[in-house]
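S.K.: Curious how this folds, go ahead:
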Amino acid sequence: MTSAKQPRSRVRENSHARFCKRGRGSDFPLDSTSLSKTRKQINFTDKKGIGKLKLKGTWDLNFYQLEQIKRVRLVHRADGYYVQFLISADNKVESPPTGKTIGLDVGLKEFYTDSDGHSKPNPRFYRIGEKRLKFRQRRVSCKNKGSINRKKAINKLGRVHLKISRQREEHAKRLARCVIQSHDLVAYEDLRIKNLVKNHCLAKSINDVGWYQFRKWLEYFGVKFGRITVAVNPAYTSQECSNCGAVVKKSLSSRTHVCECSFVMDRDWNAAINILKLALSTVGHTGTWILDPNASGDSTSTHAGEILYGQVESTNEESPHL
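M.R.: Sure thing, here's the model as predicted:
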């Protein structure tokens, strides 16, 4: 089975690419592009006025055959232009089984707490960079509209946003890779982020923590290393007692689970154990699944998992350092 890799080479700023809309990329057919023998230059011959561009970056395109390149995209970011190459390559990695399973409960206080009681802190990249963002936003507002200085201020503001988004993505990627390589089965919550951010008191914190990026990389690395990733219905995972199964109602401010059976545990740790139990309740399933304990039968709805499964199988956004 083959999957696609997208090595990105940065284009020097003296190129004048044309884009339909700010911040979006433009796809080019293969017959309208040609790489030089050294793979350090790319020539666009589709009469768009782009011409020959110099490439710089850490990706060595000489490692790939020209037949492996399926698509070329030119992308505009705040810090310059990038050329993305969609490459067909074998992306499976054989890894020995570990014999370990784990359940993950993501949160705002801690990035996640696993079923073994370990937790990872929430880095809060946006909160840390918020002071710098406000400074750059004030710089934009004090410039005259349409002026060159305003465009420069907007670009500097965009660079700060870009740095924060890249920090969040790399953090989620590193943690997901470590979790997948250390366990044969990883269970996590099937959260609906779009519904959660409707709570305006928590929307900024939810967007800052990056739950979706973490889940995306978990499922991607699950396919790459041949691990099982299971998304379970998060309903009542924080309320149920992992010891006796009784439902103990608690608010978001209650961080300790105290049950009538004298079982006391951290709220997130208790939820992570329940998430793992739900995942292990269906034996024999492999791949990415969405488990609903309220559904009848062992096999349940998998539509959301299938969508993400297809995404991670056809896209590789890894940096060359991984």
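
S.K.: and Lys173, helix, strand or coil?
M.R.: helix (DSSP: H, G, I helix; E, B strand; the rest coil).

S.K.: I misspoke; the intended subject was Val186.
M.R.: strand.

S.K.: and it, bridged to which residues?
M.R.: Ile102, Thr229 (DSSP bridges).

S.K.: quick one, helices of the stretch 201-322 of the chain?
M.R.: Using DSSP state H, counting those that start in this stretch, the helices found in the stretch 201-322 of the chain span residues 203-209, 211-225, 267-280, 303-314.

S.K.: what would the ones you listed look like in TSV with distance to Val72?
M.R.: (C-beta placed from N, C-alpha, C; glycine too.) Putting the helices of the stretch 201-322 of the chain into TSV (distance: least, C-beta to C-beta, whole Å) gives the following:
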stretch	distance to Val72
helix 203-209	32
helix 211-225	22
helix 267-280	40
helix 303-314	17
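
S.K.: so which of those helices is the most packed in?
M.R.: helix 267-280 (a mean of 24; mean count of other C-beta atoms under 10 Å).

S.K.: Low-confidence regions, the stretch 1-150 of the chain specifically.
M.R.: For the stretch 1-150 of the chain, applying pLDDT under 70 flags the ranges 1-24, 47.

S.K.: As a check, name the ranges of all strands in it.
M.R.: Remark: strands assigned in the stretch 1-150 of the chain by DSSP state E, counting those that start in this stretch are 3-5, 8-11, 26-28, 33-35, 41-44, 51-56, 69-77, 80-89, 101-106, 110-114, 119-121.

S.K.: Please name every helix or strand in contact with the fifth one.
M.R.: It stands for strand 41-44. Other helices and strands packing on strand 41-44, by 3 or more C-beta pairs under 8 Å, 6 or more residues apart in numbering; DSSP states H and E, are strand 33-35, strand 51-56.

S.K.: Can you list the strands that it pairs with?
M.R.: Partners of strand 41-44 in its sheet, by DSSP bridges: strand 33-35 (antiparallel), strand 51-56 (antiparallel).
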